[in-house]
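Engineer: Here is a sequence with its predicted model. Questions after.
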Amino acid sequence: MTVDTLWNKIKISPAELSLEKVLRCGQTFRWKNINNTWSFTIEDRIVLLKQDEENLHYSWLMKELLVDSSAAAISRQNNETLNFINDYFNLSINLTSLYKHWMIQNENYKNKKILGSPFTKFKGIRILRQDPWEATISFICSSNNNVKRISKMCENLCTEYGTYLNTYKGVDYFTFPSAKDLSSSPNVETKLRELGFGYRAKYIYQTARLLTSTLSIKELNSLRESSYEDSHSYLLQLTGVGPKVADCICLMALDKHDIVPVDTHVYQIAIRDYKFKGKKDLKTMNKKVYEDIREYFKEIFGEYAGWAQSVLFASDLSDMNNGINVKEEVIVEAKITSTVVDIKEEISTEIIIESDSKRRRVRK
DNA sequence: GCAGTACCTCCATC
DNA sequence: AGATGGAGGTACT
């Protein structure tokens, strides 16, 4: 078992990357935030991140059996972690120049009654390059659902069907389960129903089955090199994947940066903020309206319209925290009033270390 | 094709 | 306190 051996850093400004916003705007559901450290699992390790005004700090903890502290191993692991971060956060893409373009377009197309610009208020929001399989399952879970519950479902998938990696600061970490893990037995569907997945249990099981039989994860991954149209129709073969979910996967895992997934929310933004002509009380989105909105945003924001949309979406979200960040804290045995939030903010990590016995994990 | 409705569960709101 | 409806939809008729 290791301590926080070493933290390395990548120089990056908050305008290029806002960890908090990117990881809580509803594109990924599996990052934990404990005492201001973000953690996530990949195949063979836990990745840890922290951010300040100048740098993104990163560290990692290898799978228990793979811990190797030789200098050569550390150096290799460092490179691998760095490669993951650069790839996962799409860091080769310059966000600041994209924002500049979007701000100009925004002024040309926005409803003049709307004051201010989301692109001024919400900096550093970028689209991640997620694993296609994980994105598929995550977004199948997202139908008729909210961020908090989707996060819980993803966590349940990991603890129930993932592989144990290691324990960091008292928290056990598991990998996201593979398609094989989720198709091993028909009991999977039953178990997922017990875990509260509802009708999505069947979708997940059937999708895992299909991707380990007729279709394959290799094909799914190769859609990164395919056209949007081909990718979209391939994804529609999967149970529980409709047009909206397929577009989410295209944008967030398959490098289709121009695709704007349209839900009722985005529909409302289009009408309210961008003068899109449509009925405000539309009950069910039909195919034509769906595609019209998608194309409309693409016309406004261009090649990276999907990225621009995530900024609009974030600025419209009331609670980006979604109640899922965790803070370890001392439970103060005092009368807790409505100022509880401020009190919590002030109780810092230093105090906590002294009183292990009283530690609890509390939803912020 | 197209529109309407059932589907699981949680949880804020009334 | 208990009911109601919405939550970044999809499958089925």
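Structural biologist: Cool, the structure landed. Residues are numbered from 1 along each chain as shown, chains lettered A, B, ... in the order given.

Engineer: Setting the sequence-adjacent residues aside, check what's closest to the residue of the stretch 1-150 of chain A found nearest DNA strand C.
Structural biologist: Here the stretch 1-150 of chain A gets closest to DNA strand C at one residue, residue A:26, 2.8 Å apart by C-beta to the nearest atom of the strand. For glycine as for every other residue, the C-beta is placed from the backbone atoms N, C-alpha and C. Sequence neighbours aside, residue A:147 is the residue nearest to residue A:26 in space, at 5.3 Å (criterion: C-beta to C-beta, 6 or more residues apart in numbering).

Engineer: mind checking how far the one you found is from residue A:74?
Structural biologist: With distances taken as C-beta to C-beta, to the nearest Å, residue A:147 is found 36 Å from residue A:74.

Engineer: More neighbours: which of those two?
Structural biologist: Legend: neighbour count by other C-beta atoms under 10 Å for residue A:147 and residue A:74, higher for residue A:147 (19 against 15).

Engineer: Read off the pLDDT value for the more buried one.
Structural biologist: pLDDT, residue A:147: 90.

Engineer: what about residue A:117, how many neighbours?
Structural biologist: Using other C-beta under 10 Å, residue A:117 has 16 neighbouring residues.

Engineer: Let me see the contact set for it.
Structural biologist: A:103, A:106-107, A:110 (C-beta atoms under 8 Å, 6 or more residues apart in numbering).

Engineer: surely the residue nearest to residue A:26 meets residue A:29?
Structural biologist: Yes: with contacts counted by C-beta atoms under 8 Å, residue A:147 reaches residue A:29, the gap being 6.9 Å.

Engineer: For chain A, what lies in contact range of DNA strand C?
Structural biologist: Contact residues, chain A versus DNA strand C (C-beta under 7 Å from any atom of the strand): A:25-27, A:142-147, A:199, A:203, A:236, A:238-246, A:248, A:261, A:263-265, A:284, A:310, A:313.

Engineer: Just the buried residues out of these, in ChimeraX syntax.
Structural biologist: In ChimeraX, this line selects whichever of those come out buried by 16 or more other C-beta atoms under 10 Å:
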select /A:25,26,27,142,143,147,203,238,240,241,243,244,245,246,248,261,263,310,313
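
Engineer: Mind checking which of the residues of chain A next to DNA strand C are in helices?
Structural biologist: Residues from those lying in helices, with DSSP state H as the criterion: A:147, A:203, A:243-246, A:248, A:264-265, A:310, A:313.

Engineer: which of the contacts of residue A:117 tops the neighbour count?
Structural biologist: Neighbour tally across the contacts of residue A:117 (other C-beta under 10 Å): the maximum, 22 neighbours, falls on residue A:106.

Engineer: how about that residue, what does it touch?
Structural biologist: A:117-119, A:300.

Engineer: in chain A, what spans have low per-residue confidence?
Structural biologist: For chain A, the stretches flagged by pLDDT under 70 are A:1-5, A:279-284, A:318-325, A:327-364.

Engineer: how about 50 then?
Structural biologist: Along chain A, the model assigns pLDDT under 50 to residues A:329-364.

Engineer: Which residues of it lie near DNA strand B?
Structural biologist: For chain A, the contact set with DNA strand B under C-beta under 7 Å from any atom of the strand comprises A:144-146, A:148-149, A:193, A:196-200, A:202, A:283-284, A:286-288, A:323.

Engineer: And the residue of the stretch 1-150 of chain A closest to DNA strand B?
Structural biologist: residue A:144 (4.0 Å).

Engineer: Ramachandran angles for residue A:296?
Structural biologist: phi -60, psi -50 (degrees, to the nearest 10).

Engineer: Verify the contact between it and residue A:278 for me.
Structural biologist: No: in this structure residue A:296 lies outside contact range of residue A:278 using C-beta under 8 Å: 9.7 Å.

Engineer: Can you check which residues contact both of these two?
Structural biologist: Contacts common to residue A:296 and residue A:278, judged by C-beta under 8 Å, 6+ apart, are residue A:270.

Engineer: Residue A:130 is in contact with residue A:88, isn't it?
Structural biologist: Yes: between residue A:130 and residue A:88 there is a contact under C-beta under 8 Å: 7.3 Å.

Engineer: More neighbours: those two, which one.
Structural biologist: residue A:130 (21 against 16).

Engineer: What residues does the more buried one make contact with?
Structural biologist: Shown in contact with residue A:130 (C-beta under 8 Å, 6+ apart): A:27-28, A:88, A:252-253.

Engineer: Apply 6 Å and report the result again.
Structural biologist: A:252-253 (C-beta atoms under 6 Å, 6 or more residues apart in numbering).

Engineer: just residue A:314 next, same as before
Structural biologist: Residue A:314 makes contact with A:21, A:25, A:122, A:125 under the criterion C-beta under 6 Å, 6+ apart.

Engineer: For the stretch 151-300 of chain A, just list every one of the strands.
Structural biologist: According to DSSP state E, counting those that start in this stretch, the stretch 151-300 of chain A carries its strands in the segments A:164-168, A:171-174.

Engineer: separation between the closest residue to residue A:231 other than its chain neighbours and residue A:255?
Structural biologist: Counting by C-beta to C-beta, 6+ apart, the nearest residue to residue A:231 once its immediate chain neighbours are dropped is residue A:223, at 4.2 Å. Distance from residue A:223 to residue A:255, counting by C-beta to C-beta: 9 Å.

Engineer: Tell me which residue of chain A lies closest to DNA strand B.
Structural biologist: Counting by C-beta to the nearest atom of the strand, chain A gets nearest to DNA strand B through residue A:198 (2.6 Å).

Engineer: before we move on, back to that, please identify the most buried of the strands of the stretch 151-300 of chain A.
Structural biologist: Per-stretch averages of neighbours, counted by mean count of other C-beta atoms under 10 Å, single out strand A:164-168 among these, with a mean of 18.
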